[in-house]
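> From the sequence below, what's the structure:
(chains A and B)
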Amino acid sequence: GAVVSQHPSRVICKSGTSVKIECRSLDFQATTMFWYRQFPKQSLMLMATSNEGSKATYEQGVEKDKFLINHASLTLSTLTVTSAHPEDSSFYICSARVPGYEQYFGPGTRLTVT
Amino acid sequence: SQQGEEDPQALSIQEGENATMNCSYKTSINNLQWYRQNSGRGLVHLILIRSNEREKHSGRLRVTLDTSKKSSSLLITASRAADTASYFCATDAVGYNTDKLIFGTGTRLQVFP
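This next block holds a predicted model:
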């Protein structure tokens, strides 16, 4: 099946710094990728839809200036958490959909902001 | 919030028993999917059921869909300890970007050996 990878799998950063998370579709092209956030023991909440070659679409309540999304190619989307704070600590998951098939999810990135 | 709800929130059973999880959603859908997530890991796709389908099977999994009640159920038969995980339903919404998924609140299943 289709594979989506994320890098890094875990990251610890200091408050006030920025962190970039990569999401790659390894064996297919994805014009659209999605970024989710998941707090412990909670469900996935969609943050934004990443569109190749255009601006991302953010869900209500998600700060676009804080969570910068870039989808520069058909196989790569990046999420940058800017000026991270401890409350941004979470599990970030990306997904991509193969046209005509279900979404494939990456393994997730655990961000800890100290 | 568009998020669907699942019940129970948590379920503990013995190996060999069946586990049933229910999902309710709020809007008309094109299809509904079930995913499994082991603790701290990514999602594994289990099964997709389209809005014009009422029941679907995959191995030990049985999914039903009742669009009139906006609800779905996932039955895992003859459960195993390895089935211990969180289970989420996810729907897309007719009229919106149909690639966008809205997840339910999830059911945490624990299967004791």
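> On the three-state scheme, A:Glu87 is what?
Judged by DSSP: H, G, I helix; E, B strand; the rest coil, the three-state class of A:Glu87 is helix.
> Skipping adjacent residues, who's closest to it in space?
In this structure, A:Glu87 finds its nearest non-sequential neighbour in A:Val113, 7.9 Å apart by CB to CB, 6 or more residues apart in numbering or on different chains. C-beta coordinates here come from the backbone N, C-alpha and C atoms, glycine included.
> beta partners for that neighbour?
According to DSSP bridges, the partner residues bridging A:Val113 are A:Cys13.
> From chain B, how far out is it?
Distance check for A:Val113 against chain B: by CB to the nearest CB, to the nearest Å, it reads 17 Å.
> Verify the contact between that residue and A:Ser83 for me.
No. Distance between A:Val113 and A:Ser83: 10.0 Å, which falls outside the contact criterion (CB atoms under 8 Å).
> before we move on, the earlier item: how much space separates the residue nearest to A:Glu87 from A:Gly61?
19 Å (CB to CB, to the nearest Å).
> same deal with A:Tyr104?
Counting by CB to CB, the gap from A:Tyr104 to A:Gly61 is 26 Å.
> B:His57 now?
38 Å.
> Same drill for these two, tell me which one is more crowded.
In this comparison of B:His57 against A:Gly61, neighbours counted by other CB atoms under 10 Å in any protein chain shown, the higher total goes to B:His57 at 11 against 7.
> Bridged to the more buried one, which residues?
When bridges are taken as DSSP bridges, the partners of B:His57 come out as B:Arg62.
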